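Enquirer: Starting from these lines, generate the structure:
(one chain, ligands or ions: 4)
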Amino acid sequence: AKKAGRDRAVTFEESMYQAAVAEAEARTELERALDRNEFVVVYQPIVDLPSGLPIGVEALVRWQHPERGLLGPNEFIAHAERTGLIVPLGAGVLRVACQEMARWHREIPGAAAMRVSVNLSARQFQEPGLVDMVREVLAETGIAPEKVVLEITESMAMEDVDATVLVLHRLRDLGVRLAIDDFGTGYSSLSYLSRFPIDILKIDKAFVDGITANREDAALAEAVVGLGRALRLQTVAEGIEQADQQSLLTGLGCTYGQGYLFARPISADEITAMLREMRAD
Ligand code: C2E
Ligand code: CA
Ligand code: CA
Ligand code: CA
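Expert: Ligands and ions are numbered 1, 2, ... in the order given. Prediction:
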């Protein structure tokens, strides 16, 4: 691209071209990272709210970049979506997470009830091969399907409601559980929500943040927990950072929680140590 020194605007064609080049570069870099196994999976415990004891983990992807260090999903998931590489990447995360959990189930006495939650992206959700991919991973890793939770965001689910209902039923037929992620940030109509064959509502951190500071947020959180109860769903509150948020949500009847108060996302080895220690006391 032409640099400064010349007083002229970048033409539309040039900016399109530059965007295409940037896109192609991002794709190449992500492909290389996949080839070199630079993606790693970390796990954040999900706890029973009254007791704070872990009942499962959420798998979260990281990129161990050779130059830039450990990158969070916010720095690469959008690129992976746009280039389509989220499809193999997401399948890889599911495979690794199910392998680890199957191993914890086998090797750690008392860990047999633990579940593993994995995020699905919009692009993956639209892939015709999704259900077959999940079936293969279940067979390959030998994990009990009911210990696997697939999370789809509220906005993904609402894009094409009929298609969503169909795919969710096919996934559920495999025996996995389904969660609506980031609930409350999208635009679900309540009548649609009852059509989704889901098991879990994850209440977005945005609602949890203000819950102890202002009445309005507390009322909204209460409404969401009540909605979950009315639909016989489990509720997971995300982003719990303070003990008074935990007690307030517990009081509202929220089943599970997740957040820095309990644990940050940690490596598989750290989860292994945590599960062994739980067993010890
Ligand atoms: P999410 O699914 O809503 O995951 C929860 C995010 O909140 C995680 O960020 C987690 O580290 C963070 N978090 C948990 N507790 C707290 C807390 O108490 N305070 C604060 N400030 N943050 C907390 P992370 O790992 O950076 O992931 C961000 C998003 O990237 C995820 O949001 C999810 O949408 C996406 N993502 C992560 N892994 C994957 C993946 O394997 N596939 C896909 N498609 N998306 C992923
Ligand atoms: Ca999630
Ligand atoms: Ca979430
Ligand atoms: Ca979120």
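
Enquirer: what does the stretch 1-150 of the chain put close to ligand 1?
Expert: Taking CB under 6 Å from any ligand atom as the contact definition, the stretch 1-150 of the chain meets ligand 1 at Gln44, Leu60, Val61, Gly72, Pro73, Asn74, Ile77, Ile86, Gly90, Val93, Asn119, Ser121. From N, CA and C alone the C-beta is placed, and that goes for glycine too.

Enquirer: Okay, and the beta partners of the residue lying closest to the fourth one once chain neighbours are set aside?
Expert: Setting aside the residues directly before and after it, Gly72 is nearest to Arg62 in space (CB to CB, 6 or more residues apart in numbering), at 6.5 Å. According to DSSP bridges, the partner residues bridging Arg62 are Val40.

Enquirer: switch to numbering from 48
Expert: In the new count, where the first residue is 48, that last one comes out as Arg109.

Enquirer: Which residues are in contact with Arg109?
Expert: Listed by CB atoms under 8 Å, 6 or more residues apart in numbering, the contact partners of Arg109 are Phe86, Val87, Val88, Val89, Leu117, Leu118, Gly119, Pro120.

Enquirer: the bottom helix or strand of the protein by mean pLDDT?
Expert: Each helix and strand of the chain was given a mean pLDDT (mean pLDDT, DSSP states H and E); the minimum falls on helix 237-240 at a mean of 80.

Enquirer: Stretch 193-211: end-to-end distance?
Expert: Stretch 193-211 has an end-to-end distance of 20 Å (CA to CA, to the nearest Å).

Enquirer: Now do the residue nearest the centre of the chain against Ala127, distance only.
Expert: In the chain, the centroid-proximal residue (CA atoms, centre = their mean) is Asn166; its distance is 3.2 Å. With distances taken as CB to CB, to the nearest Å, Asn166 is found 12 Å from Ala127.

Enquirer: Turn the contacts of Arg109 into CSV, including pLDDT.
Expert: What follows is those, written out as CSV (pLDDT from 0 to 100):
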residue, pLDDT
Phe86, 98
Val87, 97
Val88, 98
Val89, 98
Leu117, 96
Leu118, 97
Gly119, 97
Pro120, 97
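
Enquirer: which of those residues has the most neighbours?
Expert: Within the contacts of Arg109, Val88 tops the neighbour count with 22 neighbours, counted by other CB atoms under 10 Å.

Enquirer: how about it, what does it touch?
Expert: Shown in contact with Val88 (CB under 8 Å, 6+ apart): Ala106, Leu107, Val108, Arg109, Val140, Val143, Ala144, Glu147, Ala315.

Enquirer: switch to 10 Å and redo it
Expert: 104, 106-109, 139-144, 146-147, 163, 165, 312, 314-315 (CB atoms under 10 Å, 6 or more residues apart in numbering).

Enquirer: again with Leu141
Expert: By CB under 10 Å, 6+ apart, the neighbours of Leu141 are 88, 106, 163, 165-167, 171, 180-181, 183-185, 188, 195, 197.
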